[in-house]
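Asks: Compute the structure for the input listed below.
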Amino acid sequence: MTRTSAEVLQDWLPHDTDPGAVRHLAAEMGIEPLLATLLVNRDILSKAQATDFLKPSVDDLLDPFELADMDVAAERMARAIVDHETILIYGDADVDGLTSTGLLVQFLRMLSLEPLVYVPNRAYEGYSFTPAGTDHVLASGANLVVSVDNGISSIEPVARIQEAGIDVIITDHHMPADTLPPAHAVVNPRRVDCGYPFKGLAGVGVAFKLACAVSSKLHRRIQLSDSMSQFLGESLAWVSMGTVSDLMPLRGENRVLVSRGLRALPRTKSPGLAALCHVSGMGIGADCRAEDIAFRLAPRLNAATRMGRSDLSVSLITASDSNEAAVLAQALDEANKQRQTAERELLEELRPILDRQTHGEPIFLASETWNTGLLGLVAGRITREYGVPALLISSAQGEPAKGSCRCMPGFNAHAALGACREHLTTYGGHPAAAGFSIESKHIDAFREAFAEEWQQQKTTGSGPTAQRYEAEIPLAGLTHKLISALDGLEPFGKGNQRPVFVTGSATVDESRRMGGDGQHLALTVSQGSKTMRAVAFSKGHWADRLPAGHSVDLLHTPKFNHFRGRTTVELELIDVRPARPL
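Replies: Purely as a prediction, here's the structure:
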């Protein structure tokens with residue numbers, strides 16, 4: 001049986017909500033049962049928990065010195081600052097790595113130091129301490145190297161650098177192996193011996209914690225001005241960017257960091273970040289949300305890397321001149337347009353192949369020509385559209401080939417690659433998104449091993465889960481008052497998704513493709529006297545199966561749409577199916 005992207009991909013099931021817990025929370029807080037339901041569905045069961053969730057406070061930030069090796073790392077970096085040693089920030093070219101780099105560069109500039117910066121070009125070098133990167137460090141004249149968002153697996157390169165008399169501080173958040181690099185200090189909340197209570201920090205979150213710890217150390221040695229405290233608050237703009245972009249859970253400490261960072265972003269004093277906001281259509285003082293990072297800022301910062309020009313992104317985040325930053329931001333905007341075109345062309349190239357794939361099985365494709373910078377984006381699009389893991393591999397840059405794996409909730413990409421590690425050269429990442437390298441001769445064996453892991457996870461009940469929704473609600477119930485209440489649950493993202501509802505038995509009044517290439521879907525739907533607009537991004541192909549007059553159930557998340565001074569409620573569709581009893 002071949003697959004078609006037009007079929008319903010998952011069952012729709014209501015959250016298994018405890019009615020007693022909802023009644024208790026609603027009474028305790030004096031709130032509507034629906035809002036209490038949303039909180040209970042997020043495991044928020046008491047007034048104290050709800051207050052922490054709805055009003056994130058910097059008072060809830062954890063002590064950075066609870067991180068293993070932080071005291072050693074902060075002491076060494078503070079000494080390097082006091083003694084005016086040469087410090088090199090070793091970054092990464094994704095948004096988390098770039099924002100980590102930008103944060104520490106600005107931090108050191110606040111202390112009158114101008115650090116060296118090295119970020120491997122992923123299109124040509126790869127990731128972390130590459131051979132070229134390691135050689136650069138050894139020839140740089142640096143006394144101290146601080147990695148951000150990478151380095152946790154670089155055992156041999158770090159050993160070489162340490163043996164050369166250059167101290168290395170690793171700050172990372174990726175899963176460590178059994179053996180840690182022989183660095184001067186390794187700061188990573190995922191270390192098995194690390195007692196830090198929150199394990200979900202992004203790489204930029206760890207870099208921020210290092211800056212806080214170093215600042216604390218310096219207060220005991222030199223007089224720091226009040227501007228340092230102000231800077232650390234403003235630097236949360238960087239933290240929000242990297243945390244949201246790297247799909248870290250927006251719960252616990254990250255909720256505080258991102259909430260505060262979103263306020264700081266449109267007011268940033270970083271020339272590069274300010275220019276990026278401007279070219280993305282976000283003016284000074286604008287209301288910034290997590291989705292602005294995900295769909296406006298991050299794609300532009302990522303675009304240059306994906307098109308082989310990560311040097312543009314590095315130059316932007318380290319820019320100290322506003323005019324230079326404006327030129328670089330425009331270049332990134334153009335690179336993003338080129339990326340969008342290339343991504344669309346690759347996806348269309350794959351359409352005939354995708355429609356011949358076996359229904360319900362992982363999509364596993366390889367080529368000798370694909371741009372490796374596009375693999376993750378296209379794999380993500382395929383996974384969202386077809387509802388199964390997607391793995392794309394390209395040997396365009398030679399051997400080993402580069403690959404990206406994207407998965408839906410309920411299937412762990414990183415664990416799946418780990419189960420197939422014997423076929424891989426390297427791998428790393430997160431449950432939803434992971435990357436790997438592989439010798440082409442091992443691809444067939446890897447394909448079989450991954451398919452076995454897919455079946456194993458489904459058999460053990462850890463495979464893909466049904467799409468859960470909060471409640472059934474009619475179109476008439478989707479009022480401005482309700483959407484305002486929903487917005488109080490911001491920031492939305494992993495671990496705190498936008499509330500999802502079902503509206504049953506709505507009538508399609510109009511169905512059409514929208515966007516320059518017809519990539520997206522626009523519907524007008526009605527229920528009784530209530531009419532509403534609904535959109536589905538990257539689902540333009542649904543228009544052909546949703547003619548006017550059809551009765552449908554809508555799985556959606558409602559949002560405000562602000563257009564030409566008018567605010568309306570519209571539905572962002574997740575799925576559509578013929579109307580049926582719920």
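Asks: Quick check: residue 391 is in a strand.
Replies: Yes - assessed by DSSP: H, G, I helix; E, B strand; the rest coil, residue 391 belongs to a strand.
Asks: In contact with it, which residues?
Replies: Under the criterion of Cβ atoms under 8 Å, 6 or more residues apart in numbering, the neighbours of residue 391 are 362, 363, 364, 365, 379, 403, 404, 405, 450. For every residue, glycine as well, the C-beta is placed using N, CA and C.
Asks: Pull out the buried residues from stretch 538-555.
Replies: Buried positions in stretch 538-555, judged by neighbour count with 16 or more other Cβ atoms under 10 Å: 538, 539, 540, 541, 542, 543, 546, 550, 552, 553, 554, 555.
Asks: so what's the fourth one scoring on pLDDT?
Replies: In this case it means residue 541. At residue 541, the predicted lDDT confidence score is 81.
Asks: ok, now the first one?
Replies: Predicted confidence (pLDDT) for residue 538: 79.
Asks: quick one: it from residue 377, how far?
Replies: 11 Å (Cβ to Cβ, to the nearest Å).
Asks: what does residue 502 give?
Replies: 30 Å.
Asks: Comparing the two, which residue is more hemmed in?
Replies: residue 377 (23 against 20; other Cβ atoms under 10 Å).
Asks: For the stretch 301-450 of the chain, just list every one of the strands.
Replies: For the stretch 301-450 of the chain, applying DSSP state E, counting those that start in this stretch gives strands covering 363-367, 390-394, 401-406, 426-429, 433-438.
Asks: Only alpha carbons, please: show stretch 56-65 as PDB.
Replies: Provided in PDB are the C-alpha atoms of stretch 56-65 (Å, rounded to 0.1, in the frame of the first residue of the first chain):
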ATOM      1  CA  PRO A  56       7.500  33.200  35.800                       C
ATOM      2  CA  SER A  57       9.900  35.000  38.200                       C
ATOM      3  CA  VAL A  58      13.700  35.400  38.100                       C
ATOM      4  CA  ASP A  59      13.600  34.500  41.800                       C
ATOM      5  CA  ASP A  60      13.000  31.000  40.600                       C
ATOM      6  CA  LEU A  61      16.300  30.800  38.700                       C
ATOM      7  CA  LEU A  62      18.600  28.100  40.000                       C
ATOM      8  CA  ASP A  63      22.100  28.700  41.400                       C
ATOM      9  CA  PRO A  64      24.600  28.200  38.600                       C
ATOM     10  CA  PHE A  65      27.100  26.700  41.000                       C
END
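Asks: Only the C-alpha atoms, please, for the helix or strand hosting residue 136, written as PDB.
Replies: Applying DSSP states H and E as the criterion places residue 136 in helix 131-139. Presented in PDB, the C-alpha positions along helix 131-139 are these (Å, rounded to 0.1, in the frame of the first residue of the first chain):
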ATOM      1  CA  PRO A 131      40.400  18.700  12.600                       C
ATOM      2  CA  ALA A 132      40.500  22.200  11.100                       C
ATOM      3  CA  GLY A 133      39.000  23.700  14.200                       C
ATOM      4  CA  THR A 134      41.400  22.000  16.500                       C
ATOM      5  CA  ASP A 135      44.400  23.100  14.300                       C
ATOM      6  CA  HIS A 136      43.000  26.700  14.400                       C
ATOM      7  CA  VAL A 137      42.800  26.600  18.200                       C
ATOM      8  CA  LEU A 138      46.400  25.400  18.500                       C
ATOM      9  CA  ALA A 139      47.700  28.100  16.200                       C
END
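Asks: Check which helices and strands the helix or strand of the chain with the lowest mean pLDDT is in contact with.
Replies: One helix or strand of the chain scores below all others by mean pLDDT, DSSP states H and E: strand 426-429, with a mean of 82. Counting contacts by 3 or more Cβ pairs under 8 Å, 6 or more residues apart in numbering; DSSP states H and E, strand 426-429 is packed against helix 413-419, strand 433-438.
Asks: same for the lengthiest helix in the chain, what does it pack against?
Replies: Across the chain, the longest stretch assigned as helix under DSSP state H is helix 322-354. Under the contact definition 3+ Cβ pairs under 8 Å, 6+ apart, helix 322-354 sits against helix 271-279, helix 298-306, helix 310-317, strand 363-367, helix 375-386.
Asks: Take these and write them to CSV, including mean pLDDT and distance to residue 146.
Replies: Formatted as CSV, these follow (pLDDT from 0 to 100; distance: least, Cβ to Cβ, whole Å):
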stretch, mean pLDDT, distance to residue 146
helix 271-279, 95, 19
helix 298-306, 89, 21
helix 310-317, 93, 16
strand 363-367, 94, 37
helix 375-386, 89, 26
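Asks: Which stretch among the ones you listed is buried most, on average?
Replies: Of all the helices and strands packed on helix 322-354, helix 298-306 has the most neighbours on average by mean count of other Cβ atoms under 10 Å, namely a mean of 26.
Asks: where does the protein have low pLDDT?
Replies: The model of the chain has pLDDT under 70 over residues 1-10, 223, 225, 285, 459-465, 582.
Asks: circling back to that earlier point, could you dump the least confident helix or strand of the chain to PDB, C-alpha only?
Replies: Extracted in PDB, the C-alpha atoms of strand 426-429 (Å, rounded to 0.1, in the frame of the first residue of the first chain):
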ATOM      1  CA  THR A 426      28.900   9.800  14.600                       C
ATOM      2  CA  TYR A 427      25.500  10.800  15.800                       C
ATOM      3  CA  GLY A 428      23.900  13.300  18.200                       C
ATOM      4  CA  GLY A 429      20.900  15.500  18.900                       C
END
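Asks: Contacts for that strand, please.
Replies: Counting by Cβ under 8 Å, 6+ apart, 127, 153, 174-175, 400, 405, 413-414, 417-418, 421, 434-437 sit against strand 426-429.
Asks: Please pick the buried ones from these.
Replies: Buried among those (16+ other Cβ under 10 Å): 127, 153, 174-175, 400, 405, 413-414, 417, 434-437.
Asks: Closest one of those residues to residue 237?
Replies: The nearest member of the buried ones among the contacts of strand 426-429 to residue 237, counting by Cβ to Cβ, is residue 174 at 23.1 Å.
Asks: Hmm, residue 147 and that closest one touching each other?
Replies: No - between residue 174 and residue 147 no contact is recorded; they are 11.1 Å apart, counting by Cβ atoms under 8 Å.
Asks: quick one on the thing from earlier: biggest separation within the buried ones among the contacts of strand 426-429, which pair?
Replies: The farthest-apart pair in the buried ones among the contacts of strand 426-429, when distances are taken by Cβ to Cβ, is 175 and 400, at 20.4 Å.
Asks: ok, now which ones touch residue 127?
Replies: Here residue 127 is in contact with 92, 120, 150, 428, 435 (Cβ under 8 Å, 6+ apart).
Asks: any idea how far it lies from residue 296?
Replies: Taking Cβ to Cβ, one finds residue 127 at 25 Å from residue 296.
Asks: likewise residue 390?
Replies: For residue 390, the distance to residue 296 - Cβ to Cβ - is 24 Å.
Asks: Compare the two (neighbour count), which wins?
Replies: residue 390 (29 against 18).
Asks: is the more buried one in a bridge, and if so with what?
Replies: Residue 390 has these beta-bridge partners by DSSP bridges: residue 363, residue 406.
Asks: Assess the claim that it and residue 406 are in contact.
Replies: Yes - using Cβ under 8 Å, residue 390 is in contact with residue 406, at 5.3 Å.
Asks: what residues do the two have in common as contacts?
Replies: With Cβ under 8 Å, 6+ apart, residue 390 and residue 406 have common neighbours 379, 380, 382, 383.
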